[in-house]
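Colleague: Give me a model of this one.
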Amino acid sequence: MGKTRPIDRLKAKYDAEQDILYLMFGDQAREAIAEEVGDEVFVRFEPDTHEIVDVEFLNFSARLEEAFGPEMKYIGSKREERILFLPRVH
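Modeller: Residues are numbered from 1 along each chain as shown. I've put the predicted structure just below:
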């Protein structure tokens, strides 16, 4: 696996008119190249450093409804791999 670095600034922005969720890394807009990495999922990165500028999820509301149903409740998964979160005890 490649070298990792901490995410200093991660911002999320939802454009309801275009139905796109943006995950932005950093504070400034930067020139970037976009590449589709999944079904309507784009990664924008700096051409020289390959540092990720943002990730864009098109048709985001349909993705949410598919994952959680129209009432935004978790409807389950057939995947065996799950993470169990227990409440914190203070």
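Colleague: buried set for the least confident helix or strand in the chain by mean pLDDT?
Modeller: Every helix and strand of the chain was ranked by mean pLDDT, DSSP states H and E. The lowest is helix 60-68, at a mean of 87. Within helix 60-68, the residues that count as buried by 16 or more other CB atoms under 10 Å are 60, 63. For glycine as for every other residue, the C-beta is placed from the backbone atoms N, C-alpha and C.
Colleague: roughly how far out does it sit from the chain middle?
Modeller: 13 Å (CA atoms, centre = their mean, to the nearest Å).
Colleague: Ok, stretch 55-62 next?
Modeller: Distance of stretch 55-62 from its chain centroid, counting by CA atoms, centre = their mean, is 9 Å.
Colleague: same thing with stretch 44-56?
Modeller: That offset, for stretch 44-56, works out to 14 Å (CA atoms, centre = their mean).
Colleague: Now it: buried residues?
Modeller: Residues 44-45, 52-56 are the ones in stretch 44-56 that count as buried (16+ other CB under 10 Å).
Colleague: OK, contacts around the closest residue to Leu58 other than its chain neighbours?
Modeller: Of all residues not flanking Leu58 in the chain, Glu40 sits nearest, at 3.9 Å (CB to CB, 6 or more residues apart in numbering). Neighbour list for Glu40: 57-59 [criterion: CB atoms under 8 Å, 6 or more residues apart in numbering].
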